[in-house]
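> Any chance you can model this:
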Amino acid sequence: MTIKRLSATDGVWLSLESPDMPMHVAFLMEFTAPDGDAARFVRRWRAQVVAPIAVPQPWNLVPVGGPLTRLVALMREAAEVDPADHIRTWQLNRTGDRRELVELAARIHREQLDPTRPQWEIHLVEGLAADRFALILKVHHSLFDGASLMRLFIDTFSTDPADRDTPNLFTVGRANPDAPQQVRSAGRLRTLLATLRGVLELVRGIGAAGRDALRRARGRTPAQRAYQQPASIFDGPITGRRDLSLRRYDLGRFKRLAKAADCTINDIVLYLVGTALREYLSEHAELPDRTLTAGVPVDLREGDDDRVGTRAGMMFTALATDIADPAERLAAVRAAIRAAKQEMAGLPANTVIGYGLAVTLPWIMGLTWGRATTPASHPMGISNVPGPRNPLYWNGARLESLYPISLLMHGNPFNVTCVGYLDALHFGVLGAADKLPSMEYLTEGLDAALDELTALLLPAEERALPSAG
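Purely as a prediction, here's the structure:
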């Protein structure tokens, strides 16, 4: 049996797993069948994946339980995986009912992955239309993040609509250059030794990152934004119920807005979320007098880095939710994220990762030991993942849309992730259903914020574009 010791960052996601905080991420993908018959496409594919098979990492990794796994997470390799244990087919009750599809995705997302099996599921949904079906891929965050999943899709799916030999997602392995994390084990002793060695490395790494964080926090750094958000509806514990809302926006409009504002598309995304939050909280809760903050992941992978797990740092930035004027709010958002980027510029990737881990450590440790009311370092996450501009195909089925669905935590009950694919930005807005008003209110606020910013920055002839899809 092979035991894999996860990195400190990836181990966090596994150690936090609970019914209220399932630590998986997902993508909702919509396809058009090549022959116009979605039901036949799904049926034929299911017939091909009926027997147990050997699959590569990370699709064969099963969590290893035990008292020390709160400190260092371990996984073991399964010799074979039965796809039938991981694949399920659904049928919409009302053909073409998009709301039903989104509600189904939210229900699927609330359920934990089976800890006795490899940490992934595929859900196929029929009934979108005669030629349309959806695929929901659900994977544990200790194995993939949004950026590495996007690399997986690009590596797996084809750019050729005539290609009928597309590999299954769960047969495409990730590289694993971290040889010291692999331990050939014949029993519990070596597993224990691997765990203890991981504990020592974790403590040493966190200590170094913590000392660096304290030195840098004496000046004006992004870490000053961590733990400094005002009291709000986002504070406190959540349950496992999830509320999901999706939007699809024209990417060309975002590019024109970014050019007009002399900023990036990511800046525009942050501005829109902050603006939508102002309306959302004013109408359905209470808008704090001070600005809310967000954690913004930073993808630190090199172009050819496809190792198992996540490799991202974290920046903290203000959303300027306390500024009423749209132009002033945009300027404040742009200045805040630029300052955060400048602090990270030139730092080695491991330093950025360690810094984010050290800053969030008090919150993470509190949650790990069951303290759901531990103050969060930031009340929400906002992420923008670039994707391919050319269409992708799965055995001839064209990938039409690609919606990300992230994860939530106690003190962090709200997330916005967007993904670029083809000529669109696909937004997945996720909220804790038992804590927050409907996420549809928030996405309606995104629509309004986009229209308002378009009117502010673009000439009249460039405004007649669809605001949502």
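
> In contact with R132, which residues?
30-33, 38, 400 (C-beta atoms under 8 Å, 6 or more residues apart in numbering). (Each C-beta comes from the backbone N, C-alpha and C, glycine too.)

> Which strand residues bridge it?
Beta-bridge partners for R132, by DSSP bridges, are T32, A129.

> And it, how far from F31?
7 Å (C-beta to C-beta, to the nearest Å).

> same deal with S142?
S142 sits 28 Å away from F31, taking C-beta to C-beta as the criterion.

> So which of those two has more stuff around it?
Neighbours were counted for S142 and for F31 using other C-beta atoms under 10 Å; S142 has more, 28 against 25.

> Which residues are in contact with each of R132 and F31?
Contact criterion C-beta under 8 Å, 6+ apart; residues bridging R132 and F31 by contacting each: 38, 400.

> got the CA coordinates for stretch 138-157 in CSV?
Taking Å, rounded to 0.1, in the frame of the first residue of the first chain, the C-alpha atoms of stretch 138-157 are listed here in CSV:
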residue,chain,number,x,y,z
LYS,A,138,-17.3,17.1,-7.8
VAL,A,139,-13.8,16.6,-6.3
HIS,A,140,-12.2,17.2,-2.9
HIS,A,141,-10.3,20.5,-2.6
SER,A,142,-7.3,18.7,-1.2
LEU,A,143,-6.8,17.2,-4.7
PHE,A,144,-7.8,20.0,-7.0
ASP,A,145,-8.5,23.7,-7.1
GLY,A,146,-10.1,25.8,-9.8
ALA,A,147,-6.9,26.4,-11.8
SER,A,148,-5.8,22.7,-11.7
LEU,A,149,-9.3,21.6,-12.7
MET,A,150,-9.2,23.9,-15.7
ARG,A,151,-5.8,22.4,-16.7
LEU,A,152,-7.5,19.0,-16.3
PHE,A,153,-10.3,19.9,-18.7
ILE,A,154,-7.8,21.3,-21.3
ASP,A,155,-5.7,18.1,-21.0
THR,A,156,-8.7,15.8,-21.2
PHE,A,157,-11.2,17.3,-23.6
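
> where does it sit relative to the chain's centre, distance-wise?
Chain-centre distance of stretch 138-157: 10 Å, with C-alpha atoms, centre = their mean, to the nearest Å.

> Just the buried residues of that stretch, please?
By neighbour count on 16 or more other C-beta atoms under 10 Å, the buried set for stretch 138-157 is 138-153, 156-157.

> Ok, stretch 331-342 next?
331-334, 336-337, 339-341.

> Same question for stretch 380-397.
For stretch 380-397, the neighbour count (16+ other C-beta under 10 Å) marks 380-388, 392-397 as buried.

> With respect to G11, which of those is nearest?
Of all the buried residues of stretch 380-397, G11 sits closest to G381, with 18.9 Å by C-beta to C-beta.

> Was I right to think the closest one contacts G411?
No - in this structure G381 lies outside contact range of G411 using C-beta atoms under 8 Å: 11.5 Å.
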